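Student: no sequence on this one, just coordinates:
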């Protein structure tokens, strides 16, 4: 009987969690989170690589002529690179 009640409780909890709306998306302006820009130039196309800081973690964001192409965690010395954004001067 206890296993049945536990299973029922888990089922209700997961159904409730799935019914909750997702959190609202945040907006992070590229100018405020940018750490570095690198242009990767090919014979036909140039890609712009942005190193950005999101929640203390550095990421590499690659963009092309049609918009964002991918995002990946940045690594330094074999470990995920931590970062900190300095407040903008006013």
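Tutor: The structure has been received and is ready for your questions. Fair warning: this is a prediction, and the values are worked out from it, not measured in the lab.
Student: what's the residue closest to the geometric middle of the protein?
Tutor: The chain has residue 54 as the residue nearest its centroid, 6.5 Å off, counting by C-alpha atoms, centre = their mean.
Student: ok, that one touching residue 30?
Tutor: No. Counting by C-beta atoms under 8 Å, residue 30 is not a contact partner of residue 54; they are 11.0 Å apart. In short, each C-beta sits where N, CA and C put it, glycine included.
Student: what distance separates the start and the end of stretch 47-63?
Tutor: One end of stretch 47-63 to the other measures 6 Å (C-alpha to C-alpha, to the nearest Å).
Student: For residue 40, give me its contacts.
Tutor: Shown in contact with residue 40 (C-beta atoms under 8 Å, 6 or more residues apart in numbering): 46-49, 62.
Student: separation between it and residue 32?
Tutor: 23 Å (C-beta to C-beta, to the nearest Å).
Student: My reading is that residue 32 is in a helix; is that accurate?
Tutor: Yes. Residue 32 forms part of a helix when assessed by DSSP: H, G, I helix; E, B strand; the rest coil.
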